[in-house]
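J.: show me the folded form of this:
(chains A and B)
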There are 2 protein chains.
Amino acid sequence: MKRWTSLCLFLPFVPFVPLLPALAAELPPKPSVADVIKASRPAEWRALDPASTLYLELPAGRVVIELAPAYAPAHVANIRALVREGYFDGLAILRAQDNFVVQWGDPDEQTPRAVKTAKPKLPAEFTIPLKSDKDFVPLPDRDGYAPQVGHSNGFPAARDPRTGRAWLTHCYGMVGVARDVDAGSGNGGALYAVIGQAPRQLDRNITVVGRVVDGMPLLSTMPRGAGAMGFYDKPEQMVPIRTVKLAADVPEDQRAHLEVMRTDSASFKAVAEAQRNRGGPWTKVAAGHVDLCNVPIPVRQQGSQPPNS
Amino acid sequence: MKRWTSLCLFLPFVPFVPLLPALAAELPPKPSVADVIKASRPAEWRALDPASTLYLELPAGRVVIELAPAYAPAHVANIRALVREGYFDGLAILRAQDNFVVQWGDPDEQTPRAVKTAKPKLPAEFTIPLKSDKDFVPLPDRDGYAPQVGHSNGFPAARDPRTGRAWLTHCYGMVGVARDVDAGSGNGGALYAVIGQAPRQLDRNITVVGRVVDGMPLLSTMPRGAGAMGFYDKPEQMVPIRTVKLAADVPEDQRAHLEVMRTDSASFKAVAEAQRNRGGPWTKVAAGHVDLCNVPIPVRQQGSQPPNS
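T.: Below is the predicted model of the structure:
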């Protein structure tokens, strides 16, 4: 009989089963993403830089965000300043819109929290010159939104050689700076993370500052807000932020010790290929393509094997 | 000062503001998706067919699923049989894997529930002949996974003229039939819904039977399972299914009265364009492209305006 543990959408680590000639059209087995991670070398991983790692501490746990100073140097510097002056501590999750974003910041419209050393607003950093990013590795797969896509030091990114610009892309888990109509109206004090289908139409319209590398379920399962655009319409629905800290300011024994697979490594290339063309026997047709936002960027405990990859 | 209500990711219905010459590069305003919905004609909407509408009743509320008999006739017929014999009543949500799927079915491995009139397994319906779908309307936008994509009577779909086959695509909210390694091992008694970035690599590998048209947050906010692939590792974590019923079997006054925008209508074409090329003043760069899974398929209360579109 059917059993629920076997009714899986994909089955990693299935042993090779010799096929009868009549079934020979089955795809040959090949390494899965989990297999590639398992076979990777330690040098293909890098630890997070504590000076560019945020801990968003919620009542239910910690969300770890890797900042991308190469793509948004002024905003990352301002977020560090905001964090160090305690700006976020006691603020709240303000918004959860299904299949879109979770947003956090200051819930107090009447008397918004003043900044101290941080800037109240900053010029937009929607794109950077191509030459400012030396770590970009292109994907061979075509993309509808940009002439070229790939990864830059752990972040999904796009480039347009015609305009000479590069930018981070709105994939699942990416973190951006909420703003008003004016392109330069944000300062990093209101941030959001993507919790649904990649809203790539936001690319080049928002300063993207990083990526959630751990704790996404704490954000993605937030109750959706009943107000317009998923804002919570009652203050008591807002989940409070305990603190936001830089890893560098947290004692060593309280830090998350995570490492990210280097996106310029051979194993990362193999991860993309494992997602692009899956082997049998579960998969019957290989996709032959992987979308930028469907390439997993593996994260694990330093030096460990992930428990459920 | 900045206020949280204004720190939105996009601002529908912003009035036109005359620009100073120095700012004239701003995109001109144009109708948003909400504007298009508001301006649509009643004939551009269709009511759900009660014989192809499922109500998945959870403790927290109702999930409404529209079935796609054109793409999976045998599976849809079997799901109707399963529903009518009460197969799902008292089963459970078994799995929630972040950025992937929520899956439901029989939690009892030892003594799985027997089917009565429904079939225990069915031949796969991963694709159908092109000629079996007369409602397909192509998108002009290119896609990495298929030669042609578009919409068929409310569902995102893809086609390959070379092979003469068409199939439904794994976009957010799409519902498919979980299966074992054998392509014909499913029967519709274990189903899943996509809750993250479209896992298009599953296209043509799974029988896709429909789409969640209401209640997605009830599924997308399910606590993620700690077991392999997001399965709940403790029975008490599984959310029970009260009942699954066909709308046709529910008294009229207890039915959801929803309507879906016709995907062969002029307004739907305008919805895709509103998402593809947003106007100003919030948007600074129009994407010039919309991915298949980023085109909203509007659903509303029959004859009403949606509250927060």
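
J.: and the stretch 51-200 of chain A, which residues reach chain B?
T.: Counting by Cβ under 8 Å from any Cβ of the partner chain, the positions of the stretch 51-200 of chain A adjacent to chain B are A:94, A:98-101, A:103, A:105-109, A:112, A:120-121, A:126, A:141-145, A:171-173, A:178-181, A:183, A:185-187, A:189-190, A:192, A:196-200. Any C-beta I mention is one placed from the backbone N, CA and C, and that applies to glycine too.

J.: and these, which are buried?
T.: Among those, those classed as buried by neighbour count (16 or more other Cβ atoms under 10 Å in any protein chain shown) are A:94, A:98-101, A:103, A:105-107, A:121, A:126, A:141, A:143-145, A:171-173, A:178-181, A:183, A:185-187, A:189-190, A:192, A:196-200.

J.: in strands only, show me the residues of the stretch 51-200 of chain A next to chain B.
T.: Among those, the ones falling in strands (DSSP state E) are A:94, A:101, A:103, A:105, A:192.

J.: who touches the first one in this structure?
T.: Under the criterion of Cβ atoms under 8 Å, 6 or more residues apart in numbering or on different chains, the contact partners of residue A:94 comprise A:103-105, A:107, A:190, A:225, A:231-232, A:238, B:4.

J.: quick one: low-confidence parts of chain A?
T.: Low-confidence segments of chain A (pLDDT under 70): A:1-24, A:305-309.

J.: the same query, at a cut-off of 50, please.
T.: For chain A, the stretches flagged by pLDDT under 50 are A:1-24, A:306-309.

J.: can I see the domain layout of it?
T.: Domain segmentation of chain A under automatic domain parsing yields A:26-48+A:258-309, A:50-122+A:171-255.

J.: distance from the chain centre to the longest one, please.
T.: From the chain centre to the centre of domain A:50-122+A:171-255 is a distance of 13 Å (Cα atoms, centre = their mean, to the nearest Å).

J.: for the closest residue to residue A:157 other than its chain neighbours, phi and psi?
T.: Nearest residue to residue A:157, sequence neighbours excluded (Cβ to Cβ, 6 or more residues apart in numbering or on different chains): residue A:168, at 5.4 Å. Per-residue torsions, residue A:168: phi -80, psi 150 (degrees, to the nearest 10).

J.: residue A:168 touches residue A:71, doesn't it?
T.: Yes - between residue A:168 and residue A:71 a contact is recorded at 5.0 Å, counting by Cβ atoms under 8 Å.

J.: neighbour-wise, which of the two wins?
T.: Here residue A:168 and residue A:71 are compared on neighbour count by other Cβ atoms under 10 Å in any protein chain shown; more neighbours surround residue A:168, at 30 against 25.

J.: check contacts around the more buried one.
T.: Applying Cβ under 8 Å, 6+ apart, the residues near residue A:168 are A:68, A:71-72, A:152, A:155-158, A:174, A:203, A:208.

J.: please redo it, this time with the cut-off set to 7 Å
T.: A:68, A:71, A:155-157, A:174, A:208 (Cβ atoms under 7 Å, 6 or more residues apart in numbering or on different chains).

J.: just the strands in the stretch 201-309 of chain A please.
T.: A:208-214, A:243-246, A:258-261, A:299-301 (DSSP state E, counting those that start in this stretch).

J.: neighbouring strands - and their directions - for the second one?
T.: In the sheet containing strand A:243-246, its partner strands are strand A:53-58 (antiparallel), by DSSP bridges.

J.: tell me the angle the strand it pairs with makes with strand A:101-105.
T.: Calculated by axes from the mean of the first three to the mean of the last three Cα atoms, to 10 degrees, strand A:53-58 forms an angle of 90 degrees with strand A:101-105.

J.: who's in contact with strand A:53-58?
T.: A:62-67, A:83, A:218, A:239, A:241-247, A:250.

J.: one step back: closest to residue A:287 out of the contacts of residue A:94?
T.: Relative to residue A:287, the closest of the contacts of residue A:94 is residue A:103; by Cβ to Cβ it sits at 32.4 Å.

J.: quick check, that closest one in contact with residue A:192.
T.: Yes - counting by Cβ atoms under 7 Å, residue A:192 is a contact partner of residue A:103 at 3.9 Å.

J.: any common contacting residues for those two?
T.: residue A:178.

J.: out of the buried ones among the residues of the stretch 51-200 of chain A next to chain B, list just those in helices.
T.: Among these, no member is found in helices (DSSP state H).

J.: tell me how many other residues surround residue A:132.
T.: Neighbour number of residue A:132 under other Cβ under 10 Å is 12.

J.: show the backbone phi and psi for the nearest residue to it once chain neighbours are set aside.
T.: In this structure, residue A:132 finds its nearest non-sequential neighbour in residue A:70, 6.7 Å apart by Cβ to Cβ, 6+ apart. In terms of degrees, to the nearest 10, the main-chain angles of residue A:70 are phi -60, psi -30.

J.: done for today, thanks.
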